[in-house]
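Asks: Below is the structure, and that's it, no one-letter string:
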């Protein structure tokens, strides 16, 4: 099992098509796809805001952020966004088309581009999505606790039965 997992990870790293397929699946998985999107958006917003606040120009900042997202779908949309900016257009439309970024983030980016306050807008969006991820993680942990307790109870039950059933058979045969 470990060899299969390591082989899959290595194949995913070396095969762009496999990586793209797994990234699409990761974004569409119920419950976890939503949290993955929020993590990607929070990471994008925080990193982009930090780079812009320290004075990195937008195009190099987008190039750096593209490498930090960890999802090929988002990387492609950021690359399209960089091309749009190079062509003199806004960066929000390719990100909107990716389906990962919420309308809230897109509108905040549009307003930030128009007002010249893109970094503070992205910082606020990043903080909002960080909080959303934390809240969702806390709720998920709370929901999973009873399930995990049942699994541990079942394992303990199986272990106890595997120890005591042979003893009961021996005692029954002796008696």
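Replies: That came in fine, so what should we check first? Since we're looking at a predicted model, the values are computed, not measured.
Asks: List the buried residues of stretch 88-100.
Replies: Using 16 or more other C-beta atoms under 10 Å as the test for burial, stretch 88-100 gives 90, 91, 92, 94, 95, 96, 98, 100. In short, each C-beta sits where N, CA and C put it, glycine included.
Asks: Quick check, central residue of the chain?
Replies: Centroid-nearest residue in the chain, with C-alpha atoms, centre = their mean: residue 36, separated by 2.6 Å.
Asks: Mind picking out the helix or strand in the chain with the poorest mean pLDDT?
Replies: Least confident helix or strand, the chain: helix 92-98 with a mean of 81, by mean pLDDT, DSSP states H and E.
Asks: after that helix, next one along is what?
Replies: As assigned by DSSP states H and E, the chain's next helix or strand after helix 92-98 is helix 103-115.
Asks: which residues of this protein fall in helices?
Replies: Secondary structure of the chain (DSSP state H): helices at 2-14, 16-28, 32-53, 58-68, 72-86, 92-98, 103-115, 118-174.
Asks: Packing partners of the shortest one?
Replies: This means helix 92-98. Identification of packing neighbours for helix 92-98 by 3 or more C-beta pairs under 8 Å, 6 or more residues apart in numbering; DSSP states H and E yields helix 72-86, helix 103-115.
Asks: Those helices: which one's closest to residue 5?
Replies: Across these, residue 5 has its closest neighbour in helix 72-86 (19.9 Å, C-beta to C-beta).
Asks: In contact with residue 38: list those residues for me.
Replies: Contact partners of residue 38, counting by C-beta atoms under 8 Å, 6 or more residues apart in numbering, are 129, 132, 133, 136.
Asks: Turn those into JSON lines, including neighbour count and distance to residue 162.
Replies: Compiled in JSON lines, the contacts of residue 38 are given as follows (neighbours: other C-beta atoms under 10 Å; distance: C-beta to C-beta, whole Å):
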{"residue": "129", "neighbour count": "23", "distance to residue 162": "47"}
{"residue": "132", "neighbour count": "17", "distance to residue 162": "45"}
{"residue": "133", "neighbour count": "17", "distance to residue 162": "41"}
{"residue": "136", "neighbour count": "15", "distance to residue 162": "38"}
